[in-house]
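Novice: fold the following, please.
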Amino acid sequence: MSAGPRVTPAPARKRKATTLSSLGEKKALGEPIVMITAYDYPSAKVAEDAGVDLVLVGDSGAMTVLGYPSTVPVKTDELLMLAQAVRRGLKTPLMIGDLPFGSYEASNEEAIRSAQRFIKEAGCDAVKIERGGTSVERAAAMVGAGIPVMGHVGLTPQTATALGGYRSQGRTAERALNVLHDALALQEAGCFAIVFEAIPSDVTDVIMGAMEIPVIGIGAGPSTDGQVLVLHDLLGIHGGFQPKFVKRYADVKSAMVRGVEAYVQEVRTRAFPLAEHTYGIAPEELDRLRAQLPPHRTTV
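Specialist: Numbers count the residues shown, from 1 in each chain. As a prediction, this is how the structure comes out:
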């Protein structure tokens, strides 16, 4: 029996780069938007290969990779360094840089200067700021200067102390109205998208009816246009506090610890390295080397 014609598999479809326009199209079509954080070249490559839509160089990197106790102490130059590394690993996701605490609140001019640094020095496609209030004016100023801005309402870590700590926001009618007003104000200011963090799912459902721009949720329920998680949380890299809204899809830290423990054990028992891990030299070259060595001294 003769074999049938050989079928050549179709080449993998090249993924299109995410743009501000394509985000709007996804919202209109009801296609979920996927966003994660990344803080260096390797994590950016993971995001790229996994096919996410948006990558946030979040100020959460202050805790996950820089060891700060909160997002507040991180400096602009530190986040810029992380963003530059992420840029080198990304091709298709839209890259957003978090403006750190203290880099945009004082004036519109300061906000624009800070945002310009993330665009020019790190190659970010957009920036993100937190809260409503005066941040709305800052957002409008940056948008007016030609800089795409993502907003962030609900639990805003940079000002968590003023909100009563790291807790869900909008759990009373009055507070839910505040979240709604902040979101609408940022939308009116020209933000291309907004993050909703730690908001009761029912409140999100109510607010979504008024949102014309994409909303990315983190602990805000399933009705948002997309979801975002911190890379170190979803992969179990960071062993610290795990918020309620985090789902862990891997346990990378445990695997890393097991790997290093095995290495430690083999080094201490001289099981590593073996011959297969070493380089060789031709016997005649080794003889030549030995012939040129000075004679060993002996002590009396």
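Novice: in the helix or strand containing A47, what's buried?
Specialist: Secondary structure assignment for A47, by DSSP states H and E: helix 41-50. For helix 41-50, burial by neighbour count (16 or more other CB atoms under 10 Å) applies to Y41, S43, A44, K45, V46, A47, E48. C-beta: built from backbone N, CA, C; applies to glycine.
Novice: centre of the chain to it, how far?
Specialist: How far helix 41-50 lies from its chain's middle: 10 Å, per CA atoms, centre = their mean, to the nearest Å.
Novice: ok, G144 to E48 distance?
Specialist: 32 Å (CB to CB, to the nearest Å).
Novice: so what's the most centrally placed residue in the chain closest to, chain neighbours aside?
Specialist: Nearest to the mean C-alpha position of the chain, by CA atoms, centre = their mean, lies T37 at 1.3 Å. The shortest distance from T37 to any residue other than its chain neighbours is 4.3 Å, reached at G58 (CB to CB, 6 or more residues apart in numbering).
Novice: so the one you found touches V230, yeah?
Specialist: Yes - G58 is within contact range of V230, at 6.8 Å (criterion: CB atoms under 8 Å).
Novice: between those two, which one's more packed in?
Specialist: Taking other CB atoms under 10 Å, G58 and V230 do not tie; G58 has more neighbours (27 against 22).
Novice: now do the contacts for the more buried one.
Specialist: Counting by CB atoms under 8 Å, 6 or more residues apart in numbering, G58 touches T37, Y39, D98, V230.
Novice: might you list the low-confidence residue ranges for the stretch 201-300 of the chain?
Specialist: Counting by pLDDT under 70, the low-confidence segments of the stretch 201-300 of the chain come to 240-241, 297-300.
Novice: which stretches in the stretch 151-300 of the chain count as helices?
Specialist: 173-189, 201-208, 231-234, 252-268, 283-292 (DSSP state H, counting those that start in this stretch).
Novice: among those, which is the most enclosed?
Specialist: Highest mean neighbour count of these: helix 231-234, a mean of 22 (counted as mean count of other CB atoms under 10 Å).
Novice: roughly how far is that helix from the heart of the chain?
Specialist: 9 Å.
Novice: cool, stretch 279-294 as well?
Specialist: 52 Å.
Novice: surely L66 meets D77?
Specialist: No - contact criterion CB under 8 Å: L66 and D77 do not qualify, at 11.8 Å.
Novice: the more surrounded of the two?
Specialist: A side-by-side neighbour count of L66 and D77, using other CB under 10 Å, places L66 first with 18 against 10.
Novice: tell me the SS of the more buried one?
Specialist: Under DSSP: H, G, I helix; E, B strand; the rest coil, the three-state class of L66 is coil.
Novice: what's the distance between it and I147?
Specialist: In terms of CB to CB, L66 sits 25 Å off from I147.
Novice: over to A291?
Specialist: 69 Å.
Novice: sorry, back to before: for the residue nearest to T37, report the pLDDT, please.
Specialist: You'll see G58 listed with a pLDDT of 95.
Novice: when you give positions from now on, start the count at 39
Specialist: Shifting the count to begin at 39 puts that one at G96.
Novice: cool, thanks, signing off.
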